[in-house]
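# from the sequence below, what's the structure:
(one chain, ligands or ions: 1)
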Amino acid sequence: MPKVLQIKNLHQTFGRGTVNENPVLRGVNLELNAGDFVTIIGSNGAGKSTLLNSIAGTIPVQKGQIILNDIDISKLTVTKRSKNISRVFQDPKMGTAVRLTVEENLALAMKRGKRRGFHNGVNKRDREFFKTQLAQLNLNLENRLETEIGLLSGGQRQAITLLMATLQRPDLILLDEHTAALDPKTSITVMELTKKLISEQKLTAFMVTHNMEDAIHYGNRLVMLHQGRVALDLVGPEKQSLTVSKLMDLFQKQVGSKLEDDAMLLR
Ligand SMILES: Nc1ncnc2c1ncn2[C@@H]1O[C@H](COP(=O)(O)OP(=O)(O)OP(=O)(O)O)[C@@H](O)[C@H]1O
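Below is the predicted model of the structure:
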């Protein structure tokens, strides 16, 4: 199975050499196979976002290596990495240009990783393509191409952000609690859409979530971070048959202490 992502002995310490020194990642090792949809959980401060930031390049790698499709990207800039890695954030405002229309945003997404000119013109062919893409979201957005994206609801925007993140097939998609700011019903719609896009395009995905049920239900693999390391890595049948109580038991066996389930479920 080809490896899409390899994280080797990744260490990240904030405030090094100060009284606030905080070793957040303390030797993370992970390998993602092509098509892996990995959900990541861990209590507050476990280092989930730091891991995603390290992969995306927003935090420079202090020690260790991040390898994407056999290329060491540890020292590449965020922009260079964004050619192959796309990311969806918790805040629906983060992924889109709010003052631009839906079609202008989609046009920008088509240019991900390529040189962007000032001209974001959309021709008839693009428009037809965007319409078909939007229609598959089943949110009646195919007739809102000329609506400013800032006028849409959080859920509609997050659905479009997902579409934008996958329009140019990325080697890896990072989902950073991308449904956490949505109401429960919209969150399910966006999660189902996530699942659909990932499986249709056979994407390799990393999804951070605080929702244990989602972490168990979605994806083929579940990783739990604890004290800066991978405490659990469950895949295949072990992942498929998982329940919240089984997960708690496995954690206790592995780590030797009880999992603070309220710390995982609540923000
Ligand atoms: N840029 C930064 N500078 C200093 N400390 C940071 C920075 N980013 C994160 N931290 C600290 O690193 C630790 C891990 O944070 P991180 O956001 O990676 O955890 P998390 O698992 O995503 O947590 P949460 O579930 O609360 O989002 C926390 O103690 C946080 O305060």
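
# could you use CA atoms for every contact and neighbour count after this?
Noted.

# count the neighbours of residue 200 for me.
Residue 200: 9 surrounding residues under other C-alpha atoms under 10 Å.

# and the helices in the protein?
Taking DSSP state H, the helices of the chain run over residues 48-56, 78-81, 102-110, 124-135, 154-167, 184-200, 212-217, 237-240, 244-255, 261-265.

# is it possible to export these to CSV including distance to residue 31 and mean pLDDT?
Putting those into CSV (distance: least, C-alpha to C-alpha, whole Å; pLDDT from 0 to 100) gives the following:
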stretch, distance to residue 31, mean pLDDT
helix 48-56, 13, 96
helix 78-81, 18, 94
helix 102-110, 28, 92
helix 124-135, 31, 92
helix 154-167, 22, 92
helix 184-200, 18, 93
helix 212-217, 18, 94
helix 237-240, 16, 94
helix 244-255, 20, 86
helix 261-265, 24, 53
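
# can I get these in a markdown table with distance to the ligand?
Below are the helices of the chain laid out as a markdown table (distance: least, C-alpha to the nearest ligand atom, whole Å):
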| stretch | distance to the ligand |
| --- | --- |
| helix 48-56 | 4 |
| helix 78-81 | 15 |
| helix 102-110 | 26 |
| helix 124-135 | 30 |
| helix 154-167 | 19 |
| helix 184-200 | 18 |
| helix 212-217 | 12 |
| helix 237-240 | 21 |
| helix 244-255 | 16 |
| helix 261-265 | 8 |
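
# how about a markdown table for these, with distance to residue 142 added?
What follows is these, written out as a markdown table (distance: least, C-alpha to C-alpha, whole Å):
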| stretch | distance to residue 142 |
| --- | --- |
| helix 48-56 | 30 |
| helix 78-81 | 30 |
| helix 102-110 | 9 |
| helix 124-135 | 5 |
| helix 154-167 | 11 |
| helix 184-200 | 16 |
| helix 212-217 | 28 |
| helix 237-240 | 35 |
| helix 244-255 | 38 |
| helix 261-265 | 35 |
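
# and stretch 164-182, which residues are buried?
164-182 (16 or more other C-alpha atoms under 10 Å).

# if we ignore the residues flanking it in sequence, what's nearest the residue minimising distance to the centre of the chain?
Nearest to the centroid of the C-alpha atoms of the chain, with distances taken as C-alpha atoms, centre = their mean, sits residue 175, at 1.5 Å. The shortest distance from residue 175 to any non-neighbouring residue, by C-alpha to C-alpha, 6 or more residues apart in numbering, is to residue 207 (4.5 Å).

# to residue 231, which of the helices of the chain lies closest?
Taking C-alpha to C-alpha, helix 244-255 is the member of these nearest to residue 231, at 6.9 Å.

# so residue 6 sits against residue 71, correct?
No - with contact defined as C-alpha atoms under 8 Å, residue 6 and residue 71 do not form a contacting pair (9.6 Å).

# these two - which one has more neighbours?
Taking neighbours as other C-alpha under 10 Å, residue 6 and residue 71 compare with residue 6 leading, 19 against 11.

# the residue nearest to the more buried one when sequence neighbours are not counted: neighbour count?
Spatial nearest neighbour of residue 6, excluding adjacent residues (C-alpha to C-alpha, 6+ apart): residue 31 at 4.5 Å. For residue 31, the tally of surrounding residues (other C-alpha under 10 Å) stands at 14.

# burial measure for the residue in the stretch 101-250 of the chain that the ligand sits nearest to, as a count.
Relative to the ligand, the nearest point of the stretch 101-250 of the chain is residue 210 (6.8 Å; C-alpha to the nearest ligand atom). Residue 210 has 21 neighbouring residues, counting by other C-alpha under 10 Å.

# against residue 48, how distant is it?
Distance of residue 210 to residue 48, given as C-alpha to C-alpha, to the nearest Å: 10 Å.
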